[in-house]
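*Asks:* Requesting a structural model of the entry that follows:
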Amino acid sequence: MQELQDGSFYQYFEDKEDLLSYLMKEKNISMDKTVEKAFVEKKGDIFEIFIAIYDYIMQDFMKENEIHFFQKIFENMKTSEDNLFSMHMKDCPKPDIEKYFSFIDTSKFKQKEKEDVKIIVKMLYVLTKKAVVSSFQYQSKQQAREDYLKQIEFLKYGILKSEN
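*Replies:* I've put the predicted structure just below:
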């Protein structure tokens, strides 16, 4: 972000909400690049892609000098979907699943229909978002990540025993 120089804050932003919107748009651009890179590196494995996204968020958003700022944002996310963060995230371009759909490796999926894969992606999104929000309650990032990976495994392989 451009340094504020000798001028007023209001030369650059209308208000604090405008600053928040700007910061979130910048993070969103960075996240998009991470997602695109993950699709290539993880060869379309949607589970590995979401793990890469989780790791990116935990690394990039949890920097020592920004952790309290993002902690407040993420804590606010869990209390209300109709909040300042959500309101400004509406201004950010949404990830276009259609753009990525052809890159998702569905060869091991039981469900291969486009609408079913969209549901799987939504489930992974919700799981990842909740894991990030919950991470502040853990003593360590490692324990938070281990619990997230367990949840991914439950989703990936199921909970019930096979009846074979």
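*Asks:* so who does Met58 touch?
*Replies:* Val132, Ser135, Lys141, Ala144, Arg145 (Cβ atoms under 8 Å, 6 or more residues apart in numbering). (Glycine included, C-beta is placed from N, CA and C.)
*Asks:* Quick check on those: which are buried?
*Replies:* Val132, Ser135, Ala144, Arg145 (16 or more other Cβ atoms under 10 Å).
*Asks:* quick one on the thing from earlier: in helices, which of the contacts of Met58 appear?
*Replies:* Val132, Lys141, Ala144, Arg145 (DSSP state H).
*Asks:* returning to that earlier point: want to try TSV for the contacts of Met58, with distance to Leu160 and pLDDT as columns?
*Replies:* Output for those, formatted as TSV (distance: Cβ to Cβ, whole Å; pLDDT from 0 to 100):
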residue	distance to Leu160	pLDDT
Val132	28	88
Ser135	28	87
Lys141	31	88
Ala144	26	94
Arg145	25	96
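*Asks:* which residue ranges form the helices in this structure?
*Replies:* 9-12, 16-41, 46-60, 67-79, 84-89, 97-101, 114-134, 141-157.
*Asks:* Among the buried ones among the contacts of Met58, find me the one that's closest to Val35.
*Replies:* Val132 (14.7 Å; Cβ to Cβ).
*Asks:* Pull up the gap between Tyr22 and Glu163, please.
*Replies:* 54 Å (Cβ to Cβ, to the nearest Å).
*Asks:* for Leu20, same thing?
*Replies:* For Leu20, the distance to Glu163 - Cβ to Cβ - is 51 Å.
*Asks:* what's the answer for Phe61, then?
*Replies:* 42 Å.
*Asks:* Same check on Glu146?
*Replies:* Taken as Cβ to Cβ, the span from Glu146 to Glu163 is 29 Å.
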